[in-house]
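> Have a look at this fold, sequence not included:
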C-alpha cells in the first residue's frame with residue numbers, strides 16, 4: 001500500500017513529468033527539420049514514414065509493461081527512466097545527428113521505448 005504523497009514527492013513528480021514532456025516535444029521539433037536534409041540524401045518518402053511511425057509503434061508495444069507499474073503507484077521510476085531514455089535519444093541525435101538514416105531511426109526508437117512512462 002502506498003502512503004499519501006508529500007508536497008516534496010509531488011513537486012519531484014511534476015518537475016520530472018514537465019522535463020520529460022519538454023524533451024519529448026523538443027525531439028519532435030528537432031527531428032522534423034532533419035527530414036529536409038535527408039530528402040536530399042536520397043532518403044525516400046517511405047523511409048521518412050518509417051521514422052515517423054517508429055516512435056508510436058514502440059510506444060504502443062512498451063506501454064503494457066509500464067502501465068502496471070503506474071497503476072501500483074510507482075510513478076517516479078518510470079518517469080525517470082523515460083527521461084533518461086529521451087535524453088539518450090537527444091544526445092544520440094546531437095552527437096551523431098545527420099551521419100546516417102540509421103542513427104536517426106535508432107534515436108526515434110529509443111525515444112519510443114522511453115515515451116510510455118509519460
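All right, it came through fine. As the structure is a prediction and not an experimental result, all values here were calculated from the model. Numbers count the residues shown, from 1 in each chain.
> quick one: the host helix or strand of residue 60 to chain centroid distance?
Using DSSP states H and E, residue 60 sits within helix 45-71. A distance of 9 Å separates the centroid of the chain from that of helix 45-71, by C-alpha atoms, centre = their mean, to the nearest Å.
> which helices and strands sit right next to it?
helix 7-39, helix 76-96, helix 101-114 (3 or more C-beta pairs under 8 Å, 6 or more residues apart in numbering; DSSP states H and E). For glycine as for every other residue, the C-beta is placed from the backbone atoms N, C-alpha and C.
> Of those helices, which shows the lowest average pLDDT?
For these, the weakest mean pLDDT is recorded on helix 7-39, namely a mean of 69.
> what sits against residue 92?
Residues near residue 92 by C-beta atoms under 8 Å, 6 or more residues apart in numbering: 103, 106, 107, 110.
> Is it correct that the third one is in contact with residue 93?
It stands for residue 107. Yes - in this structure, residue 107 is within contact of residue 93 by C-beta atoms under 8 Å, at 4.7 Å.
> Have a look at the two and say which one is more surrounded.
Remark: of residue 107 and residue 93, residue 107 carries more neighbours, 27 against 21, as counted by other C-beta atoms under 10 Å.
> if we can go back for a sec, if we take the contacts of residue 92, which one ends up nearest to residue 16?
Distances from residue 16 to these, taken as C-beta to C-beta, are shortest for residue 110 (18.2 Å).
> separation between the closest one and residue 45?
Distance of residue 110 to residue 45, given as C-beta to C-beta, to the nearest Å: 23 Å.
> In terms of neighbours, single out the busier of those two.
Remark: of residue 110 and residue 45, residue 110 carries more neighbours, 23 against 9, as counted by other C-beta under 10 Å.
> ok, the nearest residue to that one once chain neighbours are set aside - contacts?
Spatial nearest neighbour of residue 110, chain neighbours left out: residue 89 (4.3 Å); criterion: C-beta to C-beta, 6 or more residues apart in numbering. The contact partners of residue 89, by C-beta under 8 Å, 6+ apart, come to 27, 107, 108, 110, 111, 114.
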